[in-house]
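>>> how does the following fold in three dimensions:
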Amino acid sequence: MDDDPKDNVGLHHAFLRSLGVNLSVFEPPSSPPRKYAIFISHAWKHDYEYQALADLIKPDLDFNWENLSVTKSDPLELHEILSKSHRFLIRQLDCQIKKAECLLVLAGMYVAHSPWIQSEIEAAIEFNVPIIGIAPRGNERFPEAVMHAAVGRAGWNRRSVIDAVRQWARPAITPITARPPSKGF
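Just a heads-up that it's a prediction; the model follows:
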């Protein structure tokens, strides 16, 4: 009887595992975890909440993300000549939000009074970027603007926010590589 060694691979692996051998070191490395592109909408007056949320979900081995937010410490550029131009700023915000796979909105009650946050929500809707409402620490109520626009909500804990991002973020966009020109056309 000819025994093919390939037929016994499972038995060999079971035997090696029973001896405590870690077989994962022999397996090819898995692909790196997904890196999410996230825009966190927030009011600069409440910058401490933005910073606390960014710290809460800071990238690690379990969850990786690129921060597309506009922060107080890294504001958008002003128009060279028209330094008070909102239109120029909104176009820049649109570009950032368009690249995002989801928009996290810190859903404090001040959202109803912030035209900037409302513009960011409007842009996310326009560009089909899923919106996730994040209840700031201790808050249970969500402003109407967030309730109506959000596809999901998360509480103020790391697992809740990460689970919401994984559930609702739009699929990652893979870059298109140029094809060589075809011959004969």
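
>>> rest of the way, CA atoms for contacts and neighbours
OK.

>>> helices or strands up against the lengthiest helix in the chain?
In the chain, ranked by residue count with DSSP state H as the criterion, the top helix is helix 86-99. Under the contact criterion of 3 or more Cα pairs under 8 Å, 6 or more residues apart in numbering; DSSP states H and E, the helices and strands touching helix 86-99 comprise strand 35-41, helix 115-126.

>>> okay, and for the protein, where does confidence drop off?
For the chain, residues meeting the criterion pLDDT under 70 lie at 1-13, 16, 21-32, 46, 71-85, 109-113, 140, 173-185.

>>> rerun at 50
Low-confidence segments of the chain, defined by pLDDT under 50: 185.

>>> I figured F63 hits P33, correct?
Yes. With contacts defined as Cα atoms under 8 Å, F63 counts as touching P33 at a distance of 7.4 Å.

>>> between the two, tell me which one has more neighbours.
In this comparison of F63 against P33, neighbours counted by other Cα atoms under 10 Å, the higher total goes to F63 at 14 against 11.

>>> and the more buried one, what does it touch?
33-35, 57, 162 (Cα atoms under 8 Å, 6 or more residues apart in numbering).

>>> show me the helices in the protein, by range?
For the chain, the helices identified by DSSP H occupy 9-18, 47-56, 86-99, 115-126, 144-149, 158-168, in order along the chain.

>>> okay if I get those helices as TSV plus mean neighbour count?
Written out in TSV, the entries for these read as follows (neighbours: other Cα atoms under 10 Å):
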stretch	mean neighbour count
helix 9-18	12
helix 47-56	15
helix 86-99	17
helix 115-126	18
helix 144-149	16
helix 158-168	16
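
>>> right, and these - which one's nearest R137?
helix 47-56 (8.6 Å; Cα to Cα).

>>> what are the contacting residues of that closest one?
40, 42, 72, 106, 136, 157-158.

>>> let me know the closest of those to F15.
Taking Cα to Cα as the measure, F15 lies nearest R158 of those, at 39.6 Å.

>>> my read: the closest one touches D60, true?
No. Look at R158 against D60 with Cα under 8 Å: they stay out of range, at 11.8 Å.

>>> and for V70, the neighbour number?
By the criterion of other Cα under 10 Å, V70 has 18 neighbours.

>>> my bad, I134
Neighbour count of I134, defined by other Cα under 10 Å: 27.

>>> that one contacts A107, doesn't it?
Yes. Using Cα under 8 Å, I134 is in contact with A107, at 5.5 Å.
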